[in-house]
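Q: here is my input, please return the structure:
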Amino acid sequence: MDRERQEPTFTTPDLTDMKFRHERTRQAVRSEAPSPWTYIAVSAALLIVIAMGLIEWNARRQAAAITRELTRPMTKEEQASFDAEMARSEKEDQEIIREHRRYIDNPITLNPQRLPLEPAPLRDGERCIQGRRFQRIDGGWRDRPLEPC
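A: Numbering: from 1, shown residues only. This next block holds a predicted model:
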């Protein structure tokens, strides 16, 4: 059994004929045309951005116009109308204040039917303090302003 062991020998391989799989897939992807959905998506996004820009521009333009209108000085006619309206409003406010003050000062005088001819006598659980009637309730006293004593 005389066998001699032989070692494998390698020469420098010629790689020019060798093709790799990933190079083929790259070439295949590069050669395909982009999908029409890509163009549609990009176009839709672009249209949305343009529409938003136009809306914003219009809003700013309208706000500037309103600001110019509000900050311009009044004409003499507008000033006279404004002053007359303010005077009328002030007169109405003074009348409302007078009515409320009259009620606060003496609420009975607004409704003469409720004026008692003679004060009613004090009932059980009632007290008269400085001409005002108070009724005893749980935890304190209740003022009865429409029933003087």
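Q: in this structure, what helix or strand scores lowest on average pLDDT?
A: Among the secondary structure pieces of the chain, namely its helices and strands, helix 21-31 has the lowest mean (mean pLDDT, DSSP states H and E), a mean of 57.
Q: would you list the phi and psi of the spatially most central residue of the chain?
A: Nearest to the centroid of the C-alpha atoms of the chain, with distances taken as CA atoms, centre = their mean, sits A59, at 17.9 Å. The phi and psi values for A59, taken as degrees, to the nearest 10, are phi -60, psi -40.
Q: can you give me the strands in the protein?
A: Secondary structure of the chain, counting by DSSP state E: strands at 126-129, 132-137, 140-144.
Q: of those, which is nearest D105?
A: strand 132-137 (14.4 Å; CB to CB). To be clear about C-beta, it is placed using only N, CA and C from the backbone, and glycine gets the same treatment.
Q: which outside residues touch that closest one?
A: Taking contacts as CB atoms under 8 Å, 6 or more residues apart in numbering, the residues outside strand 132-137 that touch it are 122, 125-128, 141-145, 147-149.
Q: now, among the residues you listed, which is nearest to E90?
A: For those, the minimum distance to E90 (CB to CB) is 31.0 Å, reached by P145.
Q: and the closest one, what pLDDT?
A: The pLDDT attached to P145 in the predicted structure is 84.
Q: and it, how many residues sit next to it?
A: Applying other CB atoms under 10 Å, we find 10 other residues in the vicinity of P145.
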